[in-house]
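Novice: mind folding the following:
(chains A and B)
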Amino acid sequence: MLFLAFGLNYLGMTALCLAMSRHHKAVLNSAPSSARTRGLRVVGALLLALAMALNIIELTADMGIITGLLQLMLAGLAVGLLMAWRSRWVLPLGGLLPLGGLLALLA
Amino acid sequence: MSSAESTVKTKSLRQAMAGLHTWGGLLPSWLLFVILFGGSIACFDKELEVWMRPALHPVGETTLSLDQVSAWVQKQAPKPPHAIWMRPPDERQPYWYAGYEPQNELEPFVSFTLDPQTGEVLPKTLGGNFWFTLHYNLFGGMLGMYIVAIAGMFMLVALVSGIIIHRRIFKDFFTLRPDANGQRAWLDAHNLFGVVGLPFHLLIAYTGLAIFVTFYMPAGLKVGYKGDIEKMFYEVQGQFGREELKRKTDHAASIDKLVLDAKRRWAASGEGGTETGWISVHHPGDKAAVVDIRRYDRSRVVDFQWIMSYDATTGAFLHEQKPYKPGYTAYAWLTNVHMAQFGGAIVRWLYLGLGLMGCAMVVGGLQVWLRKREAKGGWGIGFVRAMNGAVIGGLPIASLGLLYGNRLIPPNVALRDHWEAYTFIAVWIAVALWAVARRNSGRVGRDLFAVAAVWALGLPALDVLTGQPGALSAAIARGDWRVPGIDLAVFAAGLLCAKMAWWPRVATPAPEKARSKKRERRELVEEGV
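Specialist: I've put the predicted structure just below:
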C-alpha cells in the first residue's frame, strides 16, 4: 500500500509540475491551456490527497501523516531531478510507479 | 550621517536576509554537513552494527536467560554498580547488549555486546553507534552537544532567511537547469533540494534542538528540580525509583519470571505487543533494588515504554508507569519524530533519503557561493575549496574507511575499537591533506569521487571475503536484506561516484539568449547570495 501511495504521490507531483508552462513545454512541447492547467492542478491535488489517505490507512494517522509527507517530498525531488536530466522518463514513470504499487498490493 | 548608515537604511528586508543567508549559511555549512550526513547514516545504525559484527551473521535464537546475563554483568563491575542494563536480542538487534552504570555518576556507562548463543563477549567495534554519536555530539561530550546545537540554530536561521530571499519558491518549484551557467545551475539545485525538502529540514532542525532542550535551556529545571535532570524525567515520565538502603542481600527474584508477569500485564491492553526492550536493575544486591521492565513498541510515534517495576529481592510488583501527560507527550513526539525509531525499515529509508537531500542542499549552497566568486578570485575561495574537499569528500570516504578497518583489523587485537577510530581519522586526514594541497587544481572533486567509487564498489567483495562463509547468500535466501542491503546501497552509491569520477557529464551551455534587462534585474537578489 505504501508503494502505491508513493506512486500516487509521484503522479500527483508530476501533474502539478506539468501544470506549469515551462515544464509542460519541456515534456509535451506545447504550452498548456488555462483549462488544462487548472485540470492538472485539481487532479494533482486529488492524487496527493489520496496518497496521504493511503498512508494513514496503512499506518494510522499517528505515523501515516509523517510518512505521507516524507513520501511527498521525495516524490517532488524525483520529479525535479527527472525533469532536469531525463524529462522523457517523467510521464512513463507516472504510469509505471502507481501500476507497480497496485500490483505489489494485489500480489 | 555617514554613507554606510544610509545604505543600511535603504536595504530591503530581502537584501538584508541575503547577507545573513550567505554568511550564516556558509560558515557552519561544513559542520552541518557532518551532522546531517552522520544523522542520515545513523538511520541504519543497528543494521550497520550487525554488518560490523560478522560473527553474528548466522543469526539464531538466544539460549541465555536474563538471570544469567544479569549475574554476569554484576561480576564485571569492580564495585557494586549504581544500575545494570540489559537488552535481550531481537530481530533488528540480534545480540545481547548489557552493561553497568558505575556508582560514581562521572564514570561512563560500561557496556558489552554478547553473542546470543554462547554469551561470549563479541570483539569490540565502534559499531553503528559511531555515526549516531558523531551526529549528536561529534564525540565532544557536552561541549560537542552545544556546538551541534549552535549549528542547528544556524540551520534554522539559514532556512528561514532562505525562504525570505527566495522570491520564486513556487514558480521554480521543480526547476533545475543543469545546462545553465554554473552559478545558476547550482542555485537551482540548492533551491530544489532546499524547497522540496523544506518541511523535513525545518522539522529535523527544530526537533533536533528540542531533544536536548533540558541542557540548552536549563533555567526552569535548575529552579524546579535544583538541577536534578534525572529526577525531572522520573517525575514527568511517571517512573518509579527509590533510594538505596545500604543493606546487602544475596537473595534475588528471577528476572525472567518477572518478565513473564510484565508481559501478562501488557497483554491485558490488547495492543502494542509484549516485546521487551531495556531491562534495568537499580542498586543491584541492595534490599531496595528495583527491576524495571520496559516494553518495546514501535507501532506509534511516541515511544511510551509502559515500565513495570518490581522489587528485585522479593519479586513483588511495585509500580506501573501511567501514560504520559499531554505536555510530556508533546515533547516525546518531537524527540521521537527526530529519532525515527517508529514504523520500521520504510521510515528509515525515507529519513535517509531526506537527510541526504539536506546534505545535497548544503553542498549546493557551497557551490553557489564558489561559482559566484570564482571568476573574481580572492583568498576565501581557496579556503572554501579546501574545506569542501576535506569535509564533503572526507567524511563519506573516512566512513567507508571505517567499514574496511572494521573488517580488516583482526578480531583479537586489543582495543580493537580504538584501531577502528584511528583508521577513520587517518583516512580523513589523508583526504583533507590531499584536498588542501590540491585545492586549486580543479580536480579534487573527481579524485575523491574516484577513491569513494573504488572503496564503495569493493564493499560487497570485502563483506564476502571477510564475513562468515556463505552468510551473505544465506541471508538473501531467507529474505533478510539488512546486511546485503548495506552492501547493495553502498555499491549503488559507488556506481554514482564512478560516473562522476570517470564519465562526468559535460555541461553543454545553452546558447545565451538575449535576455531583457528586466529579467536580469529580477534575478539579481537571489543570485547575489
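Novice: so where does B:M86 fall, helix or strand?
Specialist: strand B:83-87 (DSSP states H and E).
Novice: residues making contact with that strand?
Specialist: Residues external to strand B:83-87 that are found in contact with it (CB atoms under 8 Å, 6 or more residues apart in numbering or on different chains): B:66, B:69-70, B:73-74, B:77, B:93, B:96-101, B:109, B:111, B:277-284. In this view, the C-beta of every residue, glycine as well, is placed from N, C-alpha and C.
Novice: mind doing that once more with 6 Å?
Specialist: B:69, B:73, B:97-101, B:278-282, B:284 (CB atoms under 6 Å, 6 or more residues apart in numbering or on different chains).
Novice: against which helices or strands is the longest helix along chain B packed?
Specialist: Ranked by residue count, the top helix of chain B under DSSP state H comes out as helix B:345-374. For helix B:345-374, the elements it packs on are helix A:34-85, helix B:29-42, helix B:182-196, judged by 3 or more CB pairs under 6 Å, 6 or more residues apart in numbering or on different chains; DSSP states H and E.
Novice: again, only this time at 8 Å
Specialist: Applying 3 or more CB pairs under 8 Å, 6 or more residues apart in numbering or on different chains; DSSP states H and E, we find helix B:345-374 packed against helix A:34-85, helix B:13-26, helix B:29-42, helix B:182-196, helix B:198-211, helix B:379-387.
Novice: wait, does the fifth one contact chain A?
Specialist: Yes - part of helix B:198-211 sits near chain A under the criterion CB under 8 Å from any CB of the partner chain, namely B:P199, B:F200.
Novice: one more: the third one?
Specialist: No - under the criterion of CB under 8 Å from any CB, chain A is not reached by helix B:29-42; the shortest gap measures 13.0 Å.
Novice: name the helices or strands packed onto that helix?
Specialist: When contacts are defined as 3+ CB pairs under 8 Å, 6+ apart, helix B:29-42 sits against helix B:129-137, helix B:141-165, helix B:345-374, helix B:394-408.
Novice: off-centre distance for it?
Specialist: 8 Å (CA atoms, centre = their mean, to the nearest Å).
Novice: what's the angle from that helix to helix B:141-165?
Specialist: Between helix B:29-42 and helix B:141-165, the angle comes out at 110 degrees (axes from the mean of the first three to the mean of the last three CA atoms, to 10 degrees).
Novice: report how many residues lie close to the residue in the stretch 401-529 of chain B that chain A sits nearest to.
Specialist: The minimum distance from the stretch 401-529 of chain B to chain A, using CB to the nearest CB, falls at B:R505 (8.2 Å). Residues contacting B:R505 under the criterion other CB atoms under 10 Å in any protein chain shown number 10.
Novice: then B:L448?
Specialist: When counting by other CB under 10 Å, one arrives at 25 neighbours for B:L448.
Novice: can you check A:A15 too?
Specialist: A:A15 - counted by other CB under 10 Å - has 21 other residues nearby.
Novice: can you tell me the closest non-neighbouring residue to the residue of the stretch 151-300 of chain B found nearest chain A?
Specialist: Closest to chain A within the stretch 151-300 of chain B is B:L176: 3.8 Å, counting by CB to the nearest CB. Setting aside the residues directly before and after it, B:L176 is nearest to A:A84 in space (CB to CB, 6 or more residues apart in numbering or on different chains), at 3.8 Å.
Novice: and stretch B:251-270, what's buried?
Specialist: Within stretch B:251-270, the residues that qualify as buried are B:A252, B:A253, B:I255, B:L258, B:V259, B:A262, B:K263, B:W266, counting by 16 or more other CB atoms under 10 Å in any protein chain shown.
Novice: helices - which of the residues you listed land there?
Specialist: Members of the buried residues of stretch B:251-270 lying in helices (criterion: DSSP H): B:I255, B:L258, B:V259, B:A262, B:K263, B:W266.
Novice: can you put those in JSON lines and add distance to A:T37 and pLDDT?
Specialist: Putting these into JSON lines (distance: CB to CB, whole Å; pLDDT from 0 to 100) gives the following:
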{"residue": "B:I255", "distance to A:T37": "66", "pLDDT": "96"}
{"residue": "B:L258", "distance to A:T37": "65", "pLDDT": "96"}
{"residue": "B:V259", "distance to A:T37": "61", "pLDDT": "96"}
{"residue": "B:A262", "distance to A:T37": "59", "pLDDT": "96"}
{"residue": "B:K263", "distance to A:T37": "58", "pLDDT": "95"}
{"residue": "B:W266", "distance to A:T37": "54", "pLDDT": "94"}
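Novice: which positions within stretch B:470-490 qualify as buried?
Specialist: Taking 16+ other CB under 10 Å as the neighbour-count basis, stretch B:470-490 is seen to contain the buried residues B:A471, B:L472, B:A475, B:D480, B:R482, B:V483, B:P484, B:G485, B:I486, B:D487, B:A489, B:V490.
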